[in-house]
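Asks: sharing a sequence plus its predicted fold:
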Amino acid sequence: MSTNSIKLIAGDVHRGLAELVADRLGLKLCKVDVFRDSNRETSITIGESVRDEDVYIITQIGSGDVNDRILELLIMINACKTASARRITAVLPNFPYARQDRKDKSRAPITAKLMANMLETAGCNHVITMDLHASQIQGFFDVPVDNLYAEPSVVNYIKQTIDYNNAIIVSPDAGGAKRAAALADRLDLNFALIHKERARANEVSRMVLVGDVSDKICILVDDMADTCGTLAKAAETLLSHNAQSVIAIVTHGILSGKATDIINKSRLASVVCTNTVPLEGKDQLSSKIATIDVSLVLAESIRRLHNGESVSYLFRNAPL
C-alpha cells in the first residue's frame, strides 16, 4: 500500500481513535498546534506541509463539547484548504446533529443539512461516517459521502462473546426495525420489535412488545444511546415478558447526562458500544459498559479510498 501522500490529522483532544487508525495504517498523526484565546476563540496551525497531499481529518465528537469540536474541525479543514491540500476528507464516525434531519415542526431547522453546508464551505471534498441516524443525510451533500456500517464488527462480537443460538434480536423502536432485521438475517435469528410512545422528547411513556422473547437472550440493537432511558425501559419490558437476559449493542455510545447511573440501576446485563464516540472515562463508572473497536474499518476505508478501491466491501465484511 502506498501511503506516502496520506496525511492524518486530529485535534488536541479525543485522539484515541485517530491514533488507532494511524497505527493500523503505519502512519503518524500530523503535528497540529491548537491555541485557545482567553475569549475561547480557537486558532489552529498545521505543523507540517500538506501541499498536494491526501488529507484525512479524524474527529471524535463527544457529548459535552460538540460545538467546540465542530468548529475545530471546520477550522482544520479550512487550514488545509488554504495550504493547498489536494483532497480533504472529514472522517466523522459519529455525524453531529444527525437526529435533526427533517423539519418535524413549524419553524424547526434541518441542522444536519446546515452541517453539510458548513463542511463543504470550509473546503471538505469527501466525508466518511458510520451508521448515519438517517441514511438520506448523504443527499444533503454535493460531495461524496461513504456511510460505513458497524454491523460486520457487531456480528463478529456477538459470535465471539454471546451464546447467540439462544438469542433474539430486538429493535427498541419502529425506526430501527430494518437495522434489527438485517442483523437477525446475518445471524439467522428471529427478531422482535418494541413500539414506544413518547410523552415528550427523550422521555418514553409506554412500551409495547411485538414478538416472543420467552427464555431468550435479547440483543437490543440501536444506532445510538444518549440518555439510555429507552434502553433501560426496554430491558424492563423484555424481562417482564420472561426474557432470560438483555444485552444492548449500539454504534454510538453518547451516554450523556446521567446515562451511566441509569445503566448501573437498570436490569441490562451490559451495554456494548463502538469507539466512534469517546467514552471519556464513563466505562470506568460502570462495569456494564463494553466497547467494540472499529478503527480497523475506518483505516481500511481510508486505504481503499486513497488507492481508488471499492469501499462497499466493508458494508458486509469486517477487515482482519
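Replies: Sure thing, it's come through. Residues are numbered from 1 along each chain as shown.

Asks: quick one: buried residues of stretch 217-236?
Replies: The neighbour-count criterion (16 or more other CB atoms under 10 Å) identifies 217-235 as the buried residues of stretch 217-236. Every C-beta, even on glycine, is put in place using the N, C-alpha and C of the backbone.

Asks: the strands in the protein, which residues?
Replies: 6-10, 32-36, 42-46, 54-58, 87-92, 126-130, 145-148, 167-171, 191-200, 203-210, 217-225, 245-253, 270-274, 289-292 (DSSP state E).

Asks: among these, which comes closest to residue 105?
Replies: Residue 105 lies closest to strand 191-200 among the strands of the chain, at 12.7 Å (CB to CB).

Asks: how is the protein partitioned into domains?
Replies: Residue ranges for each domain of the chain read 6-149+295-315, 151-292, as given by automatic domain parsing.

Asks: in JSON lines, list those along with mean pLDDT.
Replies: Formatted as JSON lines, the entries for those read as follows, by pLDDT from 0 to 100:
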{"stretch": "domain 6-149+295-315", "mean pLDDT": "94"}
{"stretch": "domain 151-292", "mean pLDDT": "92"}
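
Asks: now the strands of the chain as a markdown table including distance to residue 178?
Replies: A markdown table is the format used below for the strands of the chain (distance: least, CB to CB, whole Å):
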| stretch | distance to residue 178 |
| --- | --- |
| strand 6-10 | 33 |
| strand 32-36 | 39 |
| strand 42-46 | 39 |
| strand 54-58 | 28 |
| strand 87-92 | 22 |
| strand 126-130 | 16 |
| strand 145-148 | 14 |
| strand 167-171 | 8 |
| strand 191-200 | 10 |
| strand 203-210 | 15 |
| strand 217-225 | 11 |
| strand 245-253 | 14 |
| strand 270-274 | 19 |
| strand 289-292 | 21 |
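
Asks: those: which one's closest to residue 160?
Replies: The closest approach between residue 160 and any of those, judged by CB to CB, belongs to strand 289-292 at 10.3 Å.

Asks: mind listing residues that contact the closest one?
Replies: Residues from elsewhere that reach strand 289-292 (CB atoms under 8 Å, 6 or more residues apart in numbering): 150, 153-154, 157, 249, 253, 255, 260, 263, 270-275, 279, 282-283.

Asks: same check, this time on stretch 74-83
Replies: 9, 11, 32, 42, 44-46, 49-51, 55, 57, 88, 90, 118-119, 122-124.

Asks: stretch 104-116 now?
Replies: 70, 95-103, 134, 137, 140-141.

Asks: what about 10 Å?
Replies: For stretch 104-116, the external contacting residues (CB atoms under 10 Å, 6 or more residues apart in numbering) are 70, 74, 92, 95-103, 124, 127, 132-134, 136-143, 145.
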